[in-house]
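Student: mind looking at a prediction? Sequence and model below.
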Amino acid sequence: MSVMPPGVTITIHAVSSDGMKEVTHHPIPPSNWQGDKLILLACSEVVAKTDRITIENEHTMTFL
């Protein structure tokens, strides 16, 4: 059985009056992403007005 690497990363930034600071950056392994399983991301505690979560996918996607 062949497993296609997901090519997906998740990055979390803290957004404050000082700008954006990267809090964590995780490449998602095939077992978590393709297995339809919950994933938990740990990151440093940072004081911010809001957070920005970016999910990047290196594969072409079509939205219908």
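Tutor: Noted; the coordinates are in hand.
Student: roughly how far apart are the residue nearest to the spatial centre of the chain and residue 63?
Tutor: Centrality entry for the chain: nearest residue to the mean C-alpha point is residue 10, 1.2 Å, by C-alpha atoms, centre = their mean. Note on residue 10: its distance to residue 63, by C-beta to C-beta, to the nearest Å, is 19 Å. The way it works is simple: take the backbone N, C-alpha and C, and place the C-beta from them, glycine included.
Student: one step back: can you give me the distance of the residue nearest to the centre of the chain to residue 58?
Tutor: Distance from residue 10 to residue 58, by C-beta to C-beta: 13 Å.
Student: my guess is the residue nearest to the centre of the chain contacts residue 22, does it?
Tutor: No - here residue 10 lies out of contact with residue 22, judged by C-beta atoms under 8 Å, at a distance of 11.6 Å.
Student: in contact with the residue nearest to the centre of the chain, which residues?
Tutor: Neighbouring residues of residue 10 by C-beta atoms under 8 Å, 6 or more residues apart in numbering: 24, 25, 26, 28, 41, 53, 54, 55, 56.
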